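K.L.:
pasting the sequence and the predicted model now:
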Amino acid sequence: MTARTRAVPASSLLPRLWLALAALIFVSLTLAAHAQERTVRVGYQKYGTLVLLKGRGTLEPRLKALGYRVQWSEFPSGPPLMEALNAGAVDFGSAGETPPIFAQAASDALAYVAHEPAAPKGEAILVPKASPIQSVADLRGKKVALNKGSNVHYLLVRAIEAAGLSLSDITPVYLAPADARAAFERGAVDAWVIWDPYFAAAEAGGNARVLADGTGLVPNHQFYLSSKSFAAENGPALDAIVAAIAEVDAWAKDNTDAVAKELAPSVGIPAPILSVALKRQTYGIRPLDEAVTKEQQRIADTFHGLKLVPKTVDIADAVRKPGS
């Protein structure tokens, strides 16, 4: 016998067709949404508010609501992070006072977004405990380790000027923090200029004595920076990042021990040591005002006068105006 094919009623096909069509529309809309989603590339260092923000994961939902996703990139210090910002490899990051000045001298792409209050006790010139060096003036003819172009570079300049010396009176040895600490501990240099938390770690090591910190010499601001082009095209995203940082700052200010525990694994420094550094840190992100802009200009003019920065830079020209 020949089997007879039964016709499927058109009415029974309609639900299936509608389901297939709905699925196709859903996939299309999802792909379109991902195609329109933009990326904010955030550069951070192992220590500071941005690494805390990354760990807590509170920035992602803020930016997702605006159609952005977040891509994080770690940098060993401020100078390479600023180079990446100038090169367009990151859109947002933070650094101390000096790296942005060198970056602005190299390119006019930089935009100052905000800053943290001054924290002069968060950086210092260290000497071995048994060193005969008792004052900054005693650094004449000595080898001093520091990270070139970092915030402590300006501390060294101001400290030796205040002591009646000049850079030519000492021998700067430009080393990254890990290499500088090794040189300091084996006696290859006479002094080390360093910032927290490496400063706190060196103190805890037992063989470091503070010759001078930034008090009365430098403000030691932390700056948050972007590029002018990103700021012009992504104002709401920048405002969302600043709001997320402010939220973390408000929590961290009164919870330094908890912050230390949270940061210790990524920084590689025990929590009790980090607590010391965090208590020297300042909190409360805010836009640059005229006073901070002038302080930063003073630093820029100092480095230009020393021929360490090849040209004059106008800090005010790079400051993002609120609402822009």
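P.N.:
The structure has been received and is ready for your questions.
K.L.:
tell me where this structure has helices.
P.N.:
With helices called from DSSP state H, the chain shows them at 10-36, 49-56, 59-64, 78-87, 98-106, 151-162, 177-185, 198-204, 228-233, 235-253, 256-267, 271-280, 290-305.
K.L.:
figure out which of those helices is closest to residue 221.
P.N.:
Closest to residue 221 of the helices of the chain is helix 290-305 (C-beta to C-beta; 6.5 Å). From N, CA and C alone the C-beta is placed, and that goes for glycine too.
K.L.:
counting contacts, what elements does that closest one pack onto?
P.N.:
With contacts defined as 3 or more C-beta pairs under 8 Å, 6 or more residues apart in numbering; DSSP states H and E, helix 290-305 has these neighbours: helix 98-106, helix 151-162.
K.L.:
nearest to residue 122, of these?
P.N.:
helix 151-162 (8.9 Å).
K.L.:
rewinding a little: redo the helices and strands packed on helix 290-305 as TSV? Include distance to residue 201 and mean neighbour count.
P.N.:
As requested, the helices and strands packed on helix 290-305 are exported to TSV (distance: least, C-beta to C-beta, whole Å; neighbours: other C-beta atoms under 10 Å):
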stretch	distance to residue 201	mean neighbour count
helix 98-106	21	24
helix 151-162	15	23
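K.L.:
to residue 224, which of the ones you listed lies closest?
P.N.:
Among these, helix 98-106 sits nearest to residue 224 (C-beta to C-beta), with 10.0 Å.
K.L.:
so the residue nearest the centre of the chain bridges to which residues?
P.N.:
Centrality entry for the chain: nearest residue to the mean C-alpha point is residue 94, 2.6 Å, by C-alpha atoms, centre = their mean. In this entry, residue 94 is beta-bridged to residue 224, by DSSP bridges.
K.L.:
surely it is in contact with residue 226?
P.N.:
No: look at residue 94 against residue 226 with C-beta atoms under 8 Å: they stay out of range, at 10.5 Å.
K.L.:
ok so, going back, distance check, the residue nearest to the centre of the chain against residue 203.
P.N.:
Between residue 94 and residue 203 the computed distance is 24 Å (C-beta to C-beta, to the nearest Å).
K.L.:
give me the number of residues near residue 76?
P.N.:
13 (other C-beta atoms under 10 Å).
K.L.:
which residues are in contact with it?
P.N.:
45, 46, 176, 177 (C-beta atoms under 8 Å, 6 or more residues apart in numbering).
K.L.:
if you set the cut-off to 7 Å instead, what comes out?
P.N.:
With contact set as C-beta atoms under 7 Å, 6 or more residues apart in numbering, residue 76 has these partners: residue 176.
K.L.:
quick one, phi psi at it?
P.N.:
Main-chain torsions, residue 76, degrees, to the nearest 10: phi -70, psi -20.
K.L.:
before we move on, the earlier item: dump the helices of the chain into JSON lines; add mean pLDDT and distance to residue 141 as well.
P.N.:
Listed next are these as JSON lines, based on pLDDT from 0 to 100; distance: least, C-beta to C-beta, whole Å:
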{"stretch": "helix 10-36", "mean pLDDT": "47", "distance to residue 141": "62"}
{"stretch": "helix 49-56", "mean pLDDT": "92", "distance to residue 141": "39"}
{"stretch": "helix 59-64", "mean pLDDT": "97", "distance to residue 141": "48"}
{"stretch": "helix 78-87", "mean pLDDT": "94", "distance to residue 141": "27"}
{"stretch": "helix 98-106", "mean pLDDT": "94", "distance to residue 141": "25"}
{"stretch": "helix 151-162", "mean pLDDT": "96", "distance to residue 141": "12"}
{"stretch": "helix 177-185", "mean pLDDT": "96", "distance to residue 141": "17"}
{"stretch": "helix 198-204", "mean pLDDT": "96", "distance to residue 141": "23"}
{"stretch": "helix 228-233", "mean pLDDT": "95", "distance to residue 141": "44"}
{"stretch": "helix 235-253", "mean pLDDT": "96", "distance to residue 141": "42"}
{"stretch": "helix 256-267", "mean pLDDT": "92", "distance to residue 141": "35"}
{"stretch": "helix 271-280", "mean pLDDT": "95", "distance to residue 141": "31"}
{"stretch": "helix 290-305", "mean pLDDT": "96", "distance to residue 141": "23"}
